[in-house]
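1. coordinates only, sequence not included:
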Ligand code: F1P
């Protein structure tokens, strides 16, 4: 899940790479490094810490040269430290690589290389790539051939970039990890995602599985792993650089929460024409995803069962291969903001192997998940930078609503969400009172259950407060024993068919001294609550869009009040490319 970027052209490579790494930091941020080739040889600097911390202290931008590669790490093999940070070099220090992925047979290869006299300076799996290329070159191979034959020895996943002292060429390749080539004018780039290259180009070629490329300032050549040249059509994206910047907000997350009221128009306009027949013709629907996207899946399950009368299983992607049995009559719907989540990819490969049809919803055109799918609906959320998904979640909901209610006028959704943001100051106050709490419970019923789960996940992810969500009726079957005086309970209680049941649940909580914060448009619920945040609108079907943004704000302000950077929560990453 690390972020990698490479540049070759006439610009100042270190500066371009440093800027790109700042954008890629959401992919991992425990250590960082850059290597450039200068007239006086390789200059490599790396260290433990976040991108700016390390970049400023090691003065990345003072590095010369117009070709280089950089990396921001999310540790898998070896603790975060300077030695384990990328780039890694071979024994001569002239061959440098960066890698994202996991090499499963690295120990075996490392032992073999050690037997041939190679000395390693890190505990990482990645370092072996530099030594394998060194071996290949020693045996007389050209760099590119040595790179390809090294990669062919690897089991596992990689997006890798290679630079060799004295060569004005970058070599890149991928297998099960994302890598996109950016085509500029007199300069070319490669990176883990497009946003890191937006300052230079909007024309991209996402590398396919087991594909490689050689980048020079004047052009890029694409190859299969067997070394056969490939023709690739670039795709143009209309994302702007501002979309990937904070735009005056203190954090990306806050900007992205506010952006929802704009991007929802785009998501509601997504092209679902080819997805509709797939759903109507499907005998069985399986929907699969991870994290926040899984909560969107649960919403689809509720809606499709209730309103389409279709049986639909929603399964966490990492579990899907173990507990699902798709066949050629099954439509598998995958939801993923990044389009790169390894668990979701594996679930889809499994489903594909069983003959199922695949429809995917993702925000990233050309991503791995789009390539394994029969049909794709793009979410049109614009780039999402903060690790915690916010606007991509509501975009997913918007697209799912379009799929379930083709005839319904959904145009009120963006303004409804916009209106719900007016509770921001009140939410900030509430979040400060949560700061010292240990456990927080979220309750809902019906369509509010996936929203309650998402509210709890957001709080956990970025404020490190322990939060759990339950359907209101489940409380008495166990969790009620945890309610004691002062325990906060967030009750999602829109004025719909669940309202009286929720009223009962709120009473149960308050009878035990629990502190109820409700999100509601019902007077009765408001009267029974310690604090009632008013939600706008009256259409029960749209209530999820009236509740989600205040819950995102609650998590955001709880995080900020604890002094945490909500954009970079510990141990997490935005694009989870390991299983
Ligand atoms: C799934 C997910 C996100 C979460 C975090 C880690 O990603 O769990 O929901 O916010 O960024 O990954 P995806 O499959 O939707 O890209």
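-> Looks like it arrived, so ask away. Since the structure is predicted, the reported quantities are computational estimates derived from the model, not experimental observations.

2. Count the residues that sit near residue 530.
-> Using other C-beta atoms under 10 Å as the criterion, residue 530 is surrounded by 14 other residues. (C-beta placed from N, C-alpha, C; glycine too.)

3. That one is in contact with residue 516, isn't it?
-> Yes. Applying C-beta atoms under 8 Å as the test, residue 530 and residue 516 come out as touching, 5.1 Å apart.

4. Any figure for the gap between the residue in the chain positioned nearest to the ligand and residue 160?
-> The ligand sits closest to residue 291 of the chain, with a gap of 2.0 Å, by C-beta to the nearest ligand atom. Computed with C-beta to C-beta, to the nearest Å, the distance linking residue 291 and residue 160 is 27 Å.

5. Which one's more surrounded, those two?
-> A side-by-side neighbour count of residue 291 and residue 160, using other C-beta under 10 Å, places residue 160 first with 31 against 22.

6. Skipping adjacent residues, who's closest to the more buried one in space?
-> Once its chain neighbours are removed from consideration, residue 160 has its nearest residue in residue 99; the separation is 4.7 Å (C-beta to C-beta, 6 or more residues apart in numbering).

7. what sits in contact with each of residue 530 and residue 516?
-> residue 510 (C-beta atoms under 8 Å, 6 or more residues apart in numbering).

8. Near the spatially closest residue to residue 465 that is not a sequence neighbour, how many other residues are there?
-> In space, not counting the residues next to it along the chain, residue 465 is nearest to residue 459; the distance is 5.4 Å by C-beta to C-beta, 6+ apart. As a burial measure, the neighbour count of residue 459 was computed by other C-beta under 10 Å and equals 28.

9. near the ligand, which residues of the stretch 151-300 of the chain show up?
-> Taking C-beta under 6 Å from any ligand atom as the criterion, the neighbours of the ligand within the stretch 151-300 of the chain are 290-293.

10. Reformat those residues as TSV; add pLDDT and secondary structure.
-> Formatted as TSV, these follow (pLDDT from 0 to 100; DSSP: H, G, I helix; E, B strand; the rest coil):
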residue	pLDDT	secondary structure
290	97	coil
291	97	helix
292	98	helix
293	98	helix
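
11. one step back: quick one, what contacts the residue nearest to residue 465?
-> Contacts here follow C-beta under 8 Å, 6+ apart; on that basis residue 459 touches 434, 440, 465, 467, 554-555, 558.

12. any idea where the helices of the stretch 401-550 of the chain begin and end?
-> Assigned helices in the stretch 401-550 of the chain, in chain order: 413-420, 424-434, 448-463, 499-511, 523-528, 543-561 (criterion: DSSP state H, counting those that start in this stretch).

13. And for the stretch 251-400 of the chain?
-> The residue ranges that make up the helices of the stretch 251-400 of the chain, judged by DSSP H, counting those that start in this stretch, are 252-268, 275-281, 291-303, 320-323, 342-353, 368-371, 391-404.

14. same deal with the stretch 1-150 of the chain?
-> Counting by DSSP H, counting those that start in this stretch, residue ranges of the helices within the stretch 1-150 of the chain are 13-24, 51-57, 106-115, 127-138, 143-152.

15. Could I get those in a markdown table, plus columns for mean pLDDT?
-> What follows is the helices of the stretch 1-150 of the chain, written out as a markdown table (pLDDT from 0 to 100):
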| stretch | mean pLDDT |
| --- | --- |
| helix 13-24 | 94 |
| helix 51-57 | 94 |
| helix 106-115 | 96 |
| helix 127-138 | 98 |
| helix 143-152 | 98 |
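
16. Grab the nearest non-local neighbour of residue 576.
-> On the basis of C-beta to C-beta, 6+ apart, the spatially nearest residue to residue 576 that is not a chain neighbour turns out to be residue 341, at 5.2 Å.

17. Now the phi/psi pair for that neighbour, please.
-> Reported as degrees, to the nearest 10, the phi and psi values for residue 341 are phi -60, psi 120.

18. show me the contacts for it.
-> 289-290, 293, 317, 369, 575-577.

19. one more time with 7 Å
-> When contacts are counted by C-beta atoms under 7 Å, 6 or more residues apart in numbering, residue 341 touches 290, 317, 576.

20. Buried ones from those residues, can you make that a ChimeraX selection?
-> The buried residues among those can be selected in ChimeraX (16 or more other C-beta atoms under 10 Å) with this line:
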select :290,317,576
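
21. of the contacts of residue 341, closest to residue 76?
-> Nearest to residue 76 out of these is residue 576 (C-beta to C-beta; 11.5 Å).

22. Quick check: the gap between the closest one and residue 15.
-> Distance from residue 576 to residue 15, by C-beta to C-beta: 29 Å.

23. Equivalent analysis for residue 523, please.
-> Shown here: residue 523 relative to residue 15, a distance of 59 Å by C-beta to C-beta.

24. With residue 423 instead?
-> Distance of residue 423 to residue 15, computed by C-beta to C-beta: 42 Å.

25. Surely residue 188 and residue 215 touch.
-> Yes. Here residue 188 lies in contact with residue 215, judged by C-beta atoms under 7 Å, at a distance of 4.4 Å.

26. how long is stretch 534-551 end to end?
-> Stretch 534-551 has an end-to-end distance of 12 Å (C-alpha to C-alpha, to the nearest Å).

27. now do stretch 25-42
-> Terminal residues of stretch 25-42 are spaced 24 Å apart (C-alpha to C-alpha).

28. before we move on, what about stretch 439-455?
-> Taking C-alpha to C-alpha, the span from the opening residue of stretch 439-455 to its closing residue is 14 Å.

29. Name the surrounding residues that touch that stretch.
-> By C-beta under 7 Å, 6+ apart, the list of residues contacting stretch 439-455 reads 292, 295, 298-299, 302, 393, 434, 456, 459, 465-473, 475, 479, 482, 487-492, 494, 496-498, 501-502, 505, 543-544, 547-548, 551.

30. let's go with 6 Å and repeat that
-> Counting by C-beta atoms under 6 Å, 6 or more residues apart in numbering, the neighbours of stretch 439-455 from elsewhere in the structure are 295, 298-299, 302, 456, 465-472, 488-492, 498, 501-502, 505, 544, 547-548, 551.

31. re the thing from before, ranking the helices of the stretch 251-400 of the chain by burial, who's on top?
-> Ranked by mean neighbour count under mean count of other C-beta atoms under 10 Å, the helices of the stretch 251-400 of the chain are led by helix 391-404, which reaches a mean of 26.

32. The chain - how does it break down into domains?
-> 3-245, 249-411, 422-572 (automatic domain parsing).

33. Just give me how far the first one sits from the chain centre.
-> Once both centres are worked out by C-alpha atoms, centre = their mean, to the nearest Å, domain 3-245 turns out to sit 20 Å from its chain's centre.

34. ok, back up a step: from the contacts of residue 459, which single one is nearest residue 388?
-> Comparing the contacts of residue 459 against residue 388 with C-beta to C-beta places residue 555 closest, at 7.2 Å.

35. how many other residues sit next to the closest one?
-> When counting by other C-beta under 10 Å, one arrives at 29 neighbours for residue 555.

36. ok, now which ones touch it?
-> Counting by C-beta under 6 Å, 6+ apart, the residues that residue 555 touches are 458-459, 462-463.

37. Many thanks, we can stop here.
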